[in-house]
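Novice: sharing a model prediction with you, sequence too.
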Amino acid sequence: MALAQQARILKEPVSIDRRAADNLRFIRDTMERAASFTAVPGWGGVAVGCTALAAGLTAAHRSIQQAFFVWMAEAGVALLVAAVAVCRKSRRLALPLGSQPSRRALLSFAPPLLAGGMLTVVLFRLHELSILPGVWLLLYGAAVVTGGAFSVRIVPLMGLCFMLAGALALASPAAWGNWFLLAGFGFLHIGFGVAIARRHGG
């Protein structure tokens, strides 16, 4: 009896409306996944890495306070470069920044950065600047991991590398902090940026 019922169900035709709805859902999900990873600018990451290398070399052999202000200026420059790169890539590929994947990525990316900003203010007021390189790398990596959950696999991997660099910086002598920042924000951005640009369209 059960076999006969199953056979009857299999023979029943699937309605056109249901099939069309399933196809539209598949197309929409595919487009949203595509929009999520193409919003990540590989060459923009390379540009950010180059500015970080310049900042690291500028901050080398300076006091911790002077290096702090150099890297704060670099953060502003990097934010501007990244914003321009994202806008240019989105416009070139005709992908709206207001799409659901973009909003999800931004909402996931922002909280660790906001936490890093608040900790920066607190540690600056307490004159505890020596641990900031590790904190910055660790929380930036966390932001990339969480935001990268809506992107291609290489993006969360990059975030994990930043988190590892941050953990190593926290466990290392304070004098090495600038070089960890240079290696992380410089070389990691450049290396992963080139990989993203080659594999995922710029």
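Specialist: Looks like it arrived, so ask away.
Novice: mind giving me the packing neighbours of the strand or helix carrying Leu181?
Specialist: Counting by DSSP states H and E, the element that carries Leu181 is helix 177-181. Where contact means 3 or more Cβ pairs under 8 Å, 6 or more residues apart in numbering; DSSP states H and E, helix 177-181 is packed against helix 42-59, helix 64-92, helix 132-147, helix 154-170. Using the backbone N, CA and C atoms, a C-beta is placed for each residue, glycine as well.
Novice: which of those helices is buried the deepest?
Specialist: helix 132-147 (a mean of 23; mean count of other Cβ atoms under 10 Å).
Novice: can you list the residues that contact that helix?
Specialist: Contact partners of helix 132-147, identified using Cβ atoms under 8 Å, 6 or more residues apart in numbering, comprise 68, 71, 105-106, 108-113, 115-116, 119-120, 123, 155-156, 158-171, 177-178, 180-181, 184-185.
Novice: in PDB, could you pull the C-alpha coordinates for it?
Specialist: Coordinates of each C-alpha in helix 132-147 appear next as PDB, following Å, rounded to 0.1, in the frame of the first residue of the first chain:
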ATOM      1  CA  LEU A 132      47.900  48.000  20.300                       C
ATOM      2  CA  PRO A 133      49.600  46.300  17.300                       C
ATOM      3  CA  GLY A 134      48.400  42.900  18.500                       C
ATOM      4  CA  VAL A 135      44.900  44.300  19.300                       C
ATOM      5  CA  TRP A 136      44.600  45.900  15.900                       C
ATOM      6  CA  LEU A 137      45.700  42.800  14.000                       C
ATOM      7  CA  LEU A 138      43.500  40.500  16.100                       C
ATOM      8  CA  LEU A 139      40.300  42.500  15.800                       C
ATOM      9  CA  TYR A 140      40.800  43.400  12.200                       C
ATOM     10  CA  GLY A 141      41.300  39.700  11.500                       C
ATOM     11  CA  ALA A 142      38.100  38.900  13.400                       C
ATOM     12  CA  ALA A 143      36.300  41.500  11.300                       C
ATOM     13  CA  VAL A 144      37.600  39.900   8.100                       C
ATOM     14  CA  VAL A 145      36.600  36.500   9.300                       C
ATOM     15  CA  THR A 146      33.000  37.500  10.200                       C
ATOM     16  CA  GLY A 147      32.500  39.700   7.200                       C
END
